[in-house]
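Novice: model this:
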Amino acid sequence: MAATSATAFSVISTASSGPKVGLVTHSKAVSIKFNSKNCLTNFSGLKASNSVNCESESSFLGCESCAALSAPYCTAIRKRSQRCYSYVQPHASYKVAVLGAAGGIGQPLALLIKMSPLVSALNLYDIANVKGVAADLSHCNTPSCVSGFTGASELADCLKGADVVVIPAGVPRKPGMTRDDLFNVNASIVKTLVEAVADNCPDALIHIISNPVNSTVPIAAEILKQKGVYDPKKLFGVTTLDVVRANTFVSQEKNLKLIDVDVPVIGGHAGITILPLLSKAKPSVTFSDEQVQELTTRIQNAGTEVVEAKAGAGSATLSMAYAAARFVESSLRALDGDSDVYECAYVESNITELPFFASRIKLGRKGVEAVISSELHGLTDYENKALEALKPELKASIEKGVAFVQNQLVTA
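Specialist: Next up is the predicted model:
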C-alpha cells in the first residue's frame, strides 16, 4: 500500500544493475530492483501496471507493498539516464487529523498514516484514551510528529492547520445491526465533529468513515453549507474498503496477482447500494451469471461476514483502517502534485439523478478534480438492473441525512 513508507526513501539509477529503490525500516534494508525500460507506468492505490521483482529482508513489507511504494516516484526515474545517479525524497509537509483515533479503526489507521513520508504532523483526537495512543505512535521512527487531544475543549487545537481530516469516530456495528441502526448515535457525532472542522480548518479535505456513510456524508454537507464553507470537491465518503474487497475476492476467484486487479465499485456504502462493476474489472475477466451473483453478494455483505466472524468482539476495523489509509495516501499524493491519482469515493455527483454517488474520481490539489462517468456506460444487464435497484435505497439514506440536520435546526 502506498501508505506503507518509512523514514528514508531513495531512488538510485545505475548502469550495471538498473534502478534500485531502497527503504530503511527498523535498521533492515528493503529493496526493489527493476528495469527502468519496464518501469511501472500507472499507479492508483494498490494498482500498478507491469511487473516488479522484489527482494525484501523485512517480514513486514511484502512484494506488493514494495511495488506500491516505488510507483509514485517512477516518473522521475524514467526521465534519468541509466548512467546518472538520482535521489528522490518525498518531503513530509502535510498535517493530518484523525477524529476517533482511540477506537478500533482509529488506532490502526493512525499507525498506517504515521508511516507515510508525506505527513509532517499527525493529530489524534478522541473523547478518552487518546494520549496513550499518541505516546505509543510517537516512538515510531517516521518523520511525522504525533500529538494527542482529548475531549471537546481540545478539539479546536487538534484541527487548526489540518490539510486532511479523517473521521472514523462513532459506535461500531455489532451482530444483527445494520449500518442504519448506527444512525442516531453516529449522526450526532459526525454533526459535532464537522462543525468543528468548519470552524477551524474549513479548507481541509474531509474523509468520512463513520457509518452509515450514505447518510453521514449528506449530514456533513448540510453542516458545511450552514457554516458557509461547503466545497463539494473536498468532502468524501470513504468507500475504498469496497474496492479493496472486490479486488481481493476477484484475484482469489481468478488466481490473479492482486496488484494487477482493479474493480470499480459504485453506488453507496451499504448492502445493495454497493455495486461492484465486475464487467469493468482490469485485467478483463469473465464470470458466469452465478459467479457474478455470488461475488456481488459477498462484496455487499463482507462487513457482516467480519462482524459475525468476530462474534460480537468487533467489526471490520483492520481492513477498514487499511482502506482508509490508502485513501489518505492517495489524497496526500494528489495534494503534493501527483497528476495521476484515481480512487472510488462517495461524493457529490451529477452522473446519476442522485445528489451523492460513489464512483471513480480523479484527485487533484483541490480535492475532486473530475468524476469519472465513463464506467457507467456499457454495463451488463445484471449491473443495469442492480444500479436501478440501489437508487431508491440510496436516495432514502441521503434524504434521511439531510432531514436529520434540518430537524436539528428546527429543534434548536
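Novice: how deep is the nearest residue to residue 276 once chain neighbours are set aside tucked in, by neighbour count?
Specialist: Closest residue in space to residue 276, ignoring its immediate chain neighbours: residue 246 at 4.4 Å, by CB to CB, 6 or more residues apart in numbering. C-beta coordinates here come from the backbone N, C-alpha and C atoms, glycine included. Counted by other CB atoms under 10 Å, the residues lying close to residue 246 total 27.
Novice: which SSE is residue 246 in?
Specialist: For residue 246, the host element (DSSP states H and E) is helix 240-254.
Novice: likewise residue 358?
Specialist: Assigned by DSSP H and E, residue 358 belongs to strand 356-364.
Novice: the helices in the protein, which residues?
Specialist: Along the chain, counting by DSSP state H, helices occupy 63-70, 74-78, 106-114, 130-137, 155-159, 183-200, 213-227, 240-254, 289-300, 302-310, 317-335, 381-411.
Novice: quick one: which of those is nearest residue 168?
Specialist: Between residue 168 and the helices of the chain, the tightest spacing by CB to CB is seen for helix 106-114, at 5.1 Å.
Novice: Test my guess that residue 343 contacts residue 364.
Specialist: No: the criterion here is CB atoms under 8 Å, and residue 343 misses it with residue 364 at 11.9 Å.
Novice: Looking at the two, which has the bigger crowd around it?
Specialist: residue 343 (23 against 17).
Novice: which one is that one nearest to, not counting chain neighbours?
Specialist: residue 330 (5.0 Å).
Novice: per-residue confidence for the one you found?
Specialist: Note on residue 330: pLDDT of 98.
Novice: so where's the stretch 101-250 of the chain shaky on pLDDT?
Specialist: Applying pLDDT under 70 to the stretch 101-250 of the chain flags residues 173, 178-180.
Novice: Report the beta-bridge partners for residue 99.
Specialist: Judged by DSSP bridges, the bridge partners of residue 99 are residue 125.
Novice: Also residue 205?
Specialist: residue 164.
Novice: ok, now which ones touch it?
Specialist: 163-165, 234, 236, 331, 335, 367 (CB atoms under 8 Å, 6 or more residues apart in numbering).
Novice: For residue 155, see how far away it is.
Specialist: 18 Å (CB to CB, to the nearest Å).
Novice: go on, residue 358?
Specialist: Counting by CB to CB - residue 358 and residue 155 are separated by 28 Å.
Novice: same question, residue 246
Specialist: Going from residue 246 to residue 155 by CB to CB gives 35 Å.
Novice: what does residue 363 give?
Specialist: Taken as CB to CB, the span from residue 363 to residue 155 is 27 Å.
Novice: Same check on residue 93?
Specialist: Distance, residue 93 to residue 155, by CB to CB: 24 Å.
Novice: Ok, which of the helices of the chain comes nearest residue 261?
Specialist: helix 240-254 (4.6 Å).
Novice: What is the closest one packed up against?
Specialist: Counting contacts by 3 or more CB pairs under 8 Å, 6 or more residues apart in numbering; DSSP states H and E, helix 240-254 packs against strand 265-267, strand 274-276, helix 289-300, helix 317-335, strand 341-348.
Novice: Tell me which of those is the most buried.
Specialist: Ranked by mean neighbour count, the helices and strands packed on helix 240-254 are led by strand 265-267 with a mean of 28 (mean count of other CB atoms under 10 Å).
Novice: Now do that strand, average pLDDT.
Specialist: 98.
Novice: packing partners for it?
Specialist: helix 240-254, strand 274-276, strand 356-364, helix 381-411.
Novice: of all the ones you listed, which gets the most neighbours per residue?
Specialist: strand 274-276 (a mean of 27).
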